[in-house]
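> Predicted model and sequence follow; I will ask about them next.
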Amino acid sequence: MSPNSKVLVVGGTGYLGKRLVKASLAQGHPTYVLMRPEIGQDIDKLQMLMSFKELGAHLIEASFSDHRSLVDAVKQADVVISAISGSSSRNHSSLIYQLNLIDAIKEAGNVKRFLPSEFGMDPARMGHALEPGRVTFDEKMTVRKAIEGATIPFTYVSANCFAGFFVGNLSQMSGFTPPKEKVTLYGDGKVKAIFLDEDDIAAYTIKTIDDLRTLNKTVYLRPSENILTQRQLVGIWEKLIGKQLEKSTISSEDFLASMKDMDYAAQVVVGHLYHIFYEGCLANFEIGEGGEDASQLYPEVNYTRMDEYLNRFL
């Protein structure tokens, strides 16, 4: 595979997608961004696409409801990365879109690597996940089955906890900025999780696309200094602000019981937090056959440490 493989990003105006577009351009790849017709009705997304174009990206018009347009778009690239946003509602459009994309990739026949919309917990390890959050993992496994059934070369990226959602708020369920007075710890707060700046997720992801070591593998993003317990994360913030927060704890039983008064989306979040901060699902296993550690593959990536990340809130 050429070191300058052509990359098509699907979902390039999304939360992670926009970072993947910029990382692809920064690493020297001819970069294409799928432009769906409805984006023309969204001024913010349209202006974002225009900014990508100014940076050197190519915009390709296609629709998930027009199979031929998807096939034609896919034919422009060597690598396809899906960054279609998942949903915490009962809307399964992300699954449908990805299955449509897989059909297009299969017909086009030219794609050397496909990276589906994963970027969180490894769904292959979440068969026991609680309802209703389990749907997230079940849908990702449906996509994996379709990819592998179509014998499409792939890389799955397990990026663990996005810093924007888990670090700025010290993993609280309210808002995205750090508490100044009080914090709730999940259990004893000593279960290890893994946190990554979203720009680093994008940088690691683009590194994988031309690497034969990651072909048909799951790549885990586990930068060593970002493997932290919730207590350690809180301690970093306390050191930065020079004061101790008032701490309370919530047991796993009480945390799960809180779901009964929540809407569907919040119940999904509670389930995921339970698996992360009570079970330790992100760091309680060794990477075995079929997996790779991005930190070992790409030690040159100067990833953001969480004290640096939290420092921006001062």
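Here it is on my side, so go on. Numbering: from 1, shown residues only.
> what mean pLDDT does stretch 275-295 have?
In this model, stretch 275-295 has an average pLDDT of 97.
> before we move on, what about stretch 252-272?
94.
> Distance across it, terminal residue to terminal residue?
12 Å (C-alpha to C-alpha, to the nearest Å).
> what secondary structure does Phe114 sit in?
strand (DSSP: H, G, I helix; E, B strand; the rest coil).
> Mind pulling the model confidence for it?
The model's pLDDT for Phe114 equals 98.
> That one: how many residues sit nearby?
Counted with other C-beta atoms under 10 Å, the neighbours of Phe114 add up to 25. Using the backbone N, CA and C atoms, a C-beta is placed for each residue, glycine as well.
> And it, how far from Tyr156?
10 Å (C-beta to C-beta, to the nearest Å).
> Need the residues touching each of the two.
Overlap between the contact sets of Phe114 and Tyr156, as judged by C-beta atoms under 8 Å, 6 or more residues apart in numbering, is nil.
> Now do the buried residues in stretch 263-275.
267-268, 270-275 (16 or more other C-beta atoms under 10 Å).
> Equivalent analysis for stretch 117-129, please.
By neighbour count, with 16+ other C-beta under 10 Å as the criterion, the buried positions of stretch 117-129 are 117-123, 125-126, 129.
> Report the secondary structure state of the residue nearest the centre of the chain.
Closest to where the C-alpha atoms of the chain average out (C-alpha atoms, centre = their mean) is Phe119, at 2.8 Å. When classified by three-state DSSP, Phe119 comes out as coil.
> in what helix or strand does the closest residue to Ser248 other than its chain neighbours lie?
The spatial neighbour of Ser248 that comes closest, neighbours along the chain excluded (C-beta to C-beta, 6 or more residues apart in numbering), is Thr184 at 5.3 Å. In the assignment (DSSP states H and E), Thr184 maps to strand 182-186.
> Distance from that strand to the middle of the chain?
25 Å (C-alpha atoms, centre = their mean, to the nearest Å).
> With stretch 18-34 instead?
Relative to the chain's own centre, stretch 18-34 is displaced by 16 Å; criterion: C-alpha atoms, centre = their mean.
> For that stretch, which residues meet the burial criterion?
So stretch 18-34, judged by 16+ other C-beta under 10 Å, has buried residues 18-25, 27, 29-34.
> Which ones among the residues you listed map onto strands?
Among those, DSSP state E puts 31-34 in strands.
> Run through the strands of the protein in chain order.
Using DSSP E, the strands of the chain run over 7-10, 31-35, 58-61, 79-82, 113-115, 155-158, 161-162, 182-186, 192-196, 217-220, 227-229, 246-250, 291-293.
> Thr177: neighbouring residues, count only.
Neighbour tally, Thr177, other C-beta under 10 Å: 11.
> Now do it against Lys243, distance only.
For Thr177, the distance to Lys243 (C-beta to C-beta) stands at 16 Å.
> show me the contacts for the spatially closest residue to the residue nearest to the centre of the chain that is not a sequence neighbour.
Closest residue to Phe119 apart from its sequence neighbours, by C-beta to C-beta, 6+ apart: Ala159 at 4.4 Å. Ala159 sits next to 118-120, 196, 201, 204-205, 221 when contact means C-beta under 8 Å, 6+ apart.
> where's Ala159 relative to Glu300, distance?
Counting by C-beta to C-beta, the separation of Ala159 from Glu300 is 18 Å.
> Spatially, and excluding backbone neighbours, which residue is closest to Asn311.
Distances taken as C-beta to C-beta, 6+ apart put Leu240 closest to Asn311, at 6.1 Å, once the chain neighbours are dropped.
> Touching, the one you found and Glu308? I think so.
No. Leu240 is beyond contact range of Glu308, at 10.2 Å (criterion: C-beta atoms under 8 Å).
> These two: who's more crowded?
Per other C-beta under 10 Å, whichever of Leu240 and Glu308 has more neighbours is Leu240, with 14 against 11.
> For that one, give me its contacts.
Residues near Leu240 by C-beta under 8 Å, 6+ apart: 307, 310-311, 314.
> Can you list which of these are found in helices?
When the contacts of Leu240 are checked against helices (DSSP state H), the matches are 307, 310-311.
> Out of these, which is nearest to Met173?
Nearest to Met173, judged by C-beta to C-beta, of those is Leu310 at 18.1 Å.
> Understood, closing this out.
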